[in-house]
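Enquirer: return atomic coordinates for the entry below.
(one chain, ligands or ions: 2)
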Amino acid sequence: MAKLDEKIGFIGGGNMAFAIGSGLINRGIVKTGQVFVSGPNIENLQRWRDIGVATTDDNNEVLNKSDIIFICVKPHILAPCAEQLRNNHVRTIKDMEKLFVSVLAGVSLKDLEEQFSFIDRLKMIRTMPNTPMQVGEGCTVYTPGSYVVQQDLEKVHLMLNSLGIAQQVPESMIDCVTGVSGCGPAFVYTIIEALADGAVKNGVPRQMALQFATQTVLGAAKTVLVTGKHPAILRDEVCSPGGATIVGVHELEKGNLRSTIINAVEKSSQRSAELGRKNK
Ligand SMILES: NC(=O)C1=CN([C@@H]2O[C@H](COP(=O)(O)OP(=O)(O)OC[C@H]3O[C@@H](n4cnc5c(N)ncnc54)[C@H](OP(=O)(O)O)[C@@H]3O)[C@@H](O)[C@H]2O)C=CC1
Ligand SMILES: O=C(O)[C@@H]1CCC=N1
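Expert: Ligands and ions are numbered 1, 2, ... in the order given. From the prediction side, this is the model:
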């Protein structure tokens, strides 16, 4: 797989940053020495140091020393964080070569460009990644801002796509995708836990139940991907007439499972859009 020589910075070193950073290192896209992470509490960045990555409590140090900078703070922290960067930033000609990548839910390119307007000809890419990137099975969508050039897009695509799949989409689609792939892992973890609970209720030991439930979700997902068949057709292949599965499927329908999941995706997408508006 292709490698990058650029220095990669993370402003904010929490769960999403670690999924991307550790994923890139594990995949061999970058070496630990190319990665630099900042956060307000240095003790909270221990897991980065555990994998050999340098950390600092000075965001400007990461900004100055990195070529590609992932902004990984919570949406409501963006404004104070950008203000602190702006107040301490010493402009250099190199600023224009830097590439910024936002992972913030709900925050538009327009708002990101406004917050970082202290950088001339700012190159900003808005993304919506997800945490399964840490194991190379992520799903990311992205939209480039005005000054991003093809070469920048190729670098970011290489990084994100090496950790799963990555696709450019119109910005208007990002909040909608957030409900399915950004938040979706949490929905699927809940389903895995519930599947395991069902088995535990029937006497299967917890560890075994979790392993079987997890492998079943993995297997079903892979079957959809590999066969390309519609999930409804694959479901029919499991449901023997008068058999065991259709009785369970009926219970799911009585519990409005599909409608509940559609609502969850929709609500999360709406909330994502709100997160951006709330921070104006
Ligand atoms: N988690 C997920 O599944 C996904 C998250 N996202 C987005 O990723 C972003 C981060 O979320 P997530 O990683 O989950 O949250 P975390 O709380 O795990 O990470 C946020 C990090 O930001 C740090 N931080 C707080 N203030 C500052 C500051 N002023 N400067 C630099 N760093 C700061 C925090 O440090 P400390 O803890 O020491 O305060 C923390 O490590 C959000 O915008 C979210 O919308 C997008 C897709 C999926
Ligand atoms: O819950 C959140 O707001 C973030 C965005 C997508 C996943 N986690």
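Enquirer: could you use CA atoms for every contact and neighbour count after this?
Expert: OK.
Enquirer: residues from the stretch 51-200 of the chain in reach of ligand 2?
Expert: By the rule CA under 6 Å from any ligand atom, the part of the stretch 51-200 of the chain lying against ligand 2 is 105, 178, 182-183.
Enquirer: go again with 5 Å.
Expert: The stretch 51-200 of the chain comes close to ligand 2 at residues 182-183, as judged by CA under 5 Å from any ligand atom.
Enquirer: mind listing the strands for the stretch 51-200 of the chain?
Expert: With DSSP state E, counting those that start in this stretch as the criterion, the stretch 51-200 of the chain has strands at 54-56, 68-71, 99-102, 123-128, 138-144, 164-168.
Enquirer: quick check, pLDDT for the residue of the stretch 1-150 of the chain found nearest ligand 2.
Expert: Residue nearest to ligand 2 within the stretch 1-150 of the chain (CA to the nearest ligand atom): Ala105, separated by 5.0 Å. Each residue has a pLDDT score; the one for Ala105 is 98.
Enquirer: quick one, phi/psi of the nearest residue to it once chain neighbours are set aside?
Expert: Once flanking residues are discounted, Ala105 sits nearest to Ser272: 5.6 Å by CA to CA, 6 or more residues apart in numbering. Main-chain torsions, Ser272, degrees, to the nearest 10: phi -60, psi -50.
Enquirer: read off the pLDDT value for Ser272.
Expert: 96.
Enquirer: same question for Ala209.
Expert: 98.
Enquirer: pull the number of nearby residues for it.
Expert: Residues lying near Ala209 (other CA atoms under 10 Å) number 21.
Enquirer: ok, it touching Ala199?
Expert: Yes. Using CA atoms under 8 Å, Ala209 is in contact with Ala199, at 5.8 Å.
Enquirer: pull up the gap between Ser66 and ligand 1, please.
Expert: Using CA to the nearest ligand atom, to the nearest Å, we find Ser66 at a distance of 15 Å from ligand 1.
Enquirer: thought that residue was touching Asp5?
Expert: No. Here Ser66 lies out of contact with Asp5, judged by CA under 8 Å, at a distance of 11.1 Å.
Enquirer: neighbour count winner among the two?
Expert: Applying other CA under 10 Å to Ser66 and Asp5 shows that Ser66 carries more neighbours, namely 22 against 10.
Enquirer: please name the nearest non-neighbouring residue to the more buried one.
Expert: Counting by CA to CA, 6+ apart, Ser66 lies nearest to Lys7, which is 4.8 Å off, once chain neighbours are set aside.
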